[in-house]
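In: I'd like to go over a predicted model; first the sequence, then the structure.
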Amino acid sequence: MSVLRVAICDDYQQVAFKFADWSSIADRLSIDVFTETIADEDLLVKRLAEYDIICAMRERTKFPASLMDRLPKLRLIATTGARNFAIDTKHAKSKGIAVSGTEGGAPNPTLEHIWTLLLATVRHVVTEDANIKARNPQWQTVIPFGLAGQTLGLIGLGRLGTQTAKVAKVFGMRVIAWSPHLTPERAAEAGVEFIATKAELLRESDVVSLHIVLAESTRHILKAADLALLKPTAYLINTSRGPLIDEDALLAVLKAKSIAGGGFDVYDQEPLPLDHPFRDLDNVTLSPHNGYVSHTSYKALWEQTVENIAAFLDGKAIRILD
């Protein structure tokens, strides 16, 4: 059997070989690992044109129809995750390119990160950590925002939104929710107070957290006019997708300090450019899209990726995404 060329894309920390054993298929493959993300399509074609199999880490690299049309040898895209909106799976199928995904894995890395980011933001953990390490003589420089008795507004009440609500109640928070298709019955089932309009939710919330899928209908679901409704003491948390919020409007609000601050794990462009203005703000807590990442999630993702490639090589493709 001829050796197939494999490109592992966007493996920032070179984890593909740390968390999975590739030895069972290594003799049938020639594997290259790329640690940096390329957005430019021409450069991507130059990098990937000779590969038969591409491993995609979530949605870090986009695979639209235009790119796949320029990758003549591509036979399999093995992506981590049970879905990948950055891959045009319909077009891939029309070209005979299989797209496989992964399932299961660690139960709650994203929920853990949501609350890590939220708590670090409202309690100013990063600011005080930096002050202590900088030997600032002022002991205690920021007053943490207490959550008990405050209102958490959830935009989206799917699995993660529902789980987030349960934790909020442990802290004694009132939890309200809105989304374009949320019903009072669904909110009641989740034990959350239904709010009829987005504007009402934004006005009433002390902390707003987004838990909604990015689609054309939800892109910029929070625009400048929406952000203007937030209390000056409110915090905004986004661990879903960057383009759910109009980034220019968000930057304007944060720079003007019209709200207390925000915690963000996702951005319009990832990795975040080194000169991005988010990096200069003192009222945000930033993390590098770590919501789904943990040692246990990486183990599951990469072990299943190896299984998917092995099955494809044997002519019995599994976990195919439609």
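Out: That came through, no problem. Because the structure is a prediction, the values reported are computed rather than measured. Numbers count the residues shown, from 1 in each chain.
In: Next, the buried residues of the helix of greatest length in the chain.
Out: Determined from DSSP state H, the single longest helix within the chain is helix 295-313. The neighbour-count check on helix 295-313 (16 or more other CB atoms under 10 Å) flags 297-313 as buried. (Glycine included, C-beta is placed from N, CA and C.)
In: Quick one: distance of stretch 223-233 to the chain centre.
Out: Centre-to-centre, stretch 223-233 and its host chain are 23 Å apart (CA atoms, centre = their mean, to the nearest Å).
In: Check stretch 237-249 too.
Out: Averaged over its C-alpha atoms, stretch 237-249 has a centre that lies 11 Å from its chain's centre (CA atoms, centre = their mean).
In: First-to-last residue distance for that stretch?
Out: End-to-end distance for stretch 237-249: 15 Å, by CA to CA, to the nearest Å.
In: which other residues reach it?
Out: Identification of contacts with stretch 237-249 by CB atoms under 8 Å, 6 or more residues apart in numbering yields 110, 113-114, 117-118, 121, 155-156, 207-214, 218-224, 227, 236, 262-270, 291.
In: and those residues, which are buried?
Out: Buried among the contacts of stretch 237-249 (16+ other CB under 10 Å): 110, 113-114, 117-118, 121, 155-156, 207-212, 214, 218, 221-222, 227, 236, 262-267, 270, 291.
In: Is it correct that residue 138 is in contact with residue 132?
Out: No: with contacts counted by CB atoms under 8 Å, residue 138 stays clear of residue 132, the gap being 10.3 Å.
In: Need the CA coordinates for stretch 60-71. PDB is fine.
Out: In PDB, the C-alpha atoms belonging to stretch 60-71 read as follows (Å, rounded to 0.1, in the frame of the first residue of the first chain):
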ATOM      1  CA  ARG A  60      -9.100  26.900  13.500                       C
ATOM      2  CA  THR A  61      -8.600  26.600   9.700                       C
ATOM      3  CA  LYS A  62     -11.600  27.200   7.400                       C
ATOM      4  CA  PHE A  63     -12.300  24.700   4.600                       C
ATOM      5  CA  PRO A  64     -14.800  26.300   2.200                       C
ATOM      6  CA  ALA A  65     -15.600  24.900  -1.200                       C
ATOM      7  CA  SER A  66     -13.100  27.300  -2.900                       C
ATOM      8  CA  LEU A  67     -10.200  25.800  -0.900                       C
ATOM      9  CA  MET A  68     -11.200  22.200  -1.400                       C
ATOM     10  CA  ASP A  69     -11.400  22.800  -5.100                       C
ATOM     11  CA  ARG A  70      -7.700  23.600  -5.100                       C
ATOM     12  CA  LEU A  71      -6.600  20.600  -3.100                       C
END
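In: tell me which residues of it are tucked away?
Out: For stretch 60-71, the neighbour count (16+ other CB under 10 Å) marks 60, 61, 62, 63, 67, 68, 71 as buried.
In: the strands in the stretch 151-300 of the chain, which residues?
Out: For the stretch 151-300 of the chain, the strands defined by DSSP state E, counting those that start in this stretch cover 151-155, 174-178, 193-194, 207-210, 235-238, 261-264, 284-286.
In: In contact with the nearest residue to residue 10 once chain neighbours are set aside: list those residues for me.
Out: Closest residue in space to residue 10, ignoring its immediate chain neighbours: residue 60 at 3.7 Å, by CB to CB, 6 or more residues apart in numbering. Residue 60 is in contact with 9, 10, 37, 86, 270, counting by CB under 8 Å, 6+ apart.
In: For the nearest residue to residue 188 once chain neighbours are set aside, give the beta-bridge partners.
Out: Spatial nearest neighbour of residue 188, chain neighbours left out: residue 194 (7.1 Å); criterion: CB to CB, 6+ apart. The partner list for residue 194 in beta bridges (DSSP bridges) reads residue 177.
In: Just give me the neighbour total for residue 194.
Out: A count of neighbours around residue 194, defined by other CB atoms under 10 Å, yields 17.
In: Helices of the stretch 1-150 of the chain, start to end?
Out: Applying DSSP state H, counting those that start in this stretch to the stretch 1-150 of the chain gives helices spanning 41-48, 65-68, 89-94, 109-122, 125-133.
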